[in-house]
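Participant: Sequence plus predicted model, see below.
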Amino acid sequence: VFAGGLCFDDKEITLSAGDVLYMPRGFVHEASTRTQNAAMSVDEPIEPSFHVTLALATHDWCIASILSDTIRKTLIENRQFRKALPIGPCSEYSGSHDEGSFLKEQLDSAMSLIQTNVTSGLLHEQLKSKYAMHNSRAGDLRRNVTSRKRPIQDQTEDDRVGYHAACHLTLDTVVRASSAEERSSVVLEEGRLRGLTVREETMQSLMTIIGLMKGEPSMKSRVKELRNIATTDESICSNPMICDFTLLSFARCCVELGALAVVTEASVWLVRDTFRFA
């Protein structure tokens, strides 16, 4: 991976929110973020960013892959080429036959069969079959994911904890530690464990935040201000990985699982150690 940014026609470009970049196979790359101010020094913190990478298995959709699969299928359907090769000294490798001549006979026979049967039409049909199989498998996976989605029901759903409440969570939503009754009311889908999965870089900071909130049930905070709860812990306030997107994802997961609850009272916010109510 070379130093510097991505260049086209000797011009460096920067991807912004909503941009999509296709990186062809074989281009070694590494994604990184930087502040929009190019004059900033290298010691200044880099603005966090979030991107999604979709990897396409192009190596499985090249002519070498389709051709080798078709040739193998053609040969394996012929009884002659399903025979086991001789192992060690035997009649095929002794007497009037040498090792090279035996393998040459097999290769010539295979090449003749391939030239006769492996045509562009057959390759086209094999490719169509592969497309169909791929789309069928992908369709099954999509239907499985869709069937497991829990639709948002009417307003009779609990708006404090659970999936319904988590779907409406925003950075301005006020949350608090949930009560034992609220936690027990959350019913998870079958097979899902009641626990959080977080990145190692953010785990300690996020666990500290939720631990402080559970230790003080009266504590309330807007989602975007959760990092300010631990005012004495510099590692949390200055952690560049604890961005708004991280806090929102963390809060939504906690509310869905019942660890945190949404405050339904109007206009509640946290200012250091003092709570104000409008």
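Facilitator: The structure has been received and is ready for your questions. Residues are numbered from 1 along each chain as shown.
Participant: tally of neighbours for Thr202?
Facilitator: 19 (other Cβ atoms under 10 Å). Where C-beta positions appear, they are placed from N, C-alpha and C, glycine not excepted.
Participant: Distance check, it against Asn228.
Facilitator: 16 Å (Cβ to Cβ, to the nearest Å).
Participant: what's the answer for Leu169, then?
Facilitator: Look at Leu169 and Asn228: by Cβ to Cβ, they are 18 Å apart.
Participant: what bits of the stretch 101-250 of the chain have low per-residue confidence?
Facilitator: The stretch 101-250 of the chain contains residues with pLDDT under 70 at 144-157, 188-195, 230-238.
Participant: just checking, next helix/strand downstream of the strand or helix carrying Ala166?
Facilitator: Assigned by DSSP states H and E, Ala166 belongs to helix 163-167. Where DSSP H and E defines the elements, the next helix or strand beyond helix 163-167 is strand 174-177.
Participant: Please point out which parts of the helix or strand just after that following strand sit buried.
Facilitator: Using DSSP H and E, the helix or strand that follows strand 174-177 towards the C-terminus is helix 180-185. The neighbour-count check on helix 180-185 (16 or more other Cβ atoms under 10 Å) flags 182-183 as buried.
Participant: what do you get for stretch 62-71?
Facilitator: Residues of stretch 62-71 classed as buried: 66, 69-71 (neighbour count, 16+ other Cβ under 10 Å).
Participant: Make JSON lines from those and add distance to His51 and secondary structure to it.
Facilitator: Below are the buried residues of stretch 62-71 laid out as JSON lines (distance: Cβ to Cβ, whole Å; DSSP: H, G, I helix; E, B strand; the rest coil):
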{"residue": "Ile66", "distance to His51": "32", "secondary structure": "helix"}
{"residue": "Asp69", "distance to His51": "34", "secondary structure": "helix"}
{"residue": "Thr70", "distance to His51": "38", "secondary structure": "helix"}
{"residue": "Ile71", "distance to His51": "40", "secondary structure": "helix"}
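Participant: and of those, the nearest to Thr53?
Facilitator: Ile66 (25.9 Å; Cβ to Cβ).
Participant: can you give me the helices for the stretch 51-200 of the chain?
Facilitator: Taking DSSP state H, counting those that start in this stretch, the helices of the stretch 51-200 of the chain run over residues 63-76, 99-117, 120-148, 163-167, 180-185, 200-215.
Participant: Which residue, other than its chain neighbours, is closest to Val174?
Facilitator: In space, and not counting its chain neighbours, Val174 is closest to Val263: 4.0 Å by Cβ to Cβ, 6 or more residues apart in numbering.
Participant: right, I mislabeled it, should have said Ser178
Facilitator: Closest residue in space to Ser178, ignoring its immediate chain neighbours: Ala261 at 4.0 Å, by Cβ to Cβ, 6+ apart.
Participant: where does the one you found land in three-state SS?
Facilitator: Following DSSP: H, G, I helix; E, B strand; the rest coil, Ala261 is assigned to strand.
Participant: contacting residues around Gly162?
Facilitator: 185-187, 255-256, 258 (Cβ atoms under 8 Å, 6 or more residues apart in numbering).
Participant: In terms of neighbours, single out the busier of Leu169 and Asn228.
Facilitator: Taking neighbours as other Cβ under 10 Å, Leu169 and Asn228 compare with Leu169 leading, 20 against 15.
Participant: wait, isn't that one in contact with Ala251?
Facilitator: Yes - taking contacts as Cβ atoms under 8 Å, Leu169 lies within contact range of Ala251: 5.9 Å.
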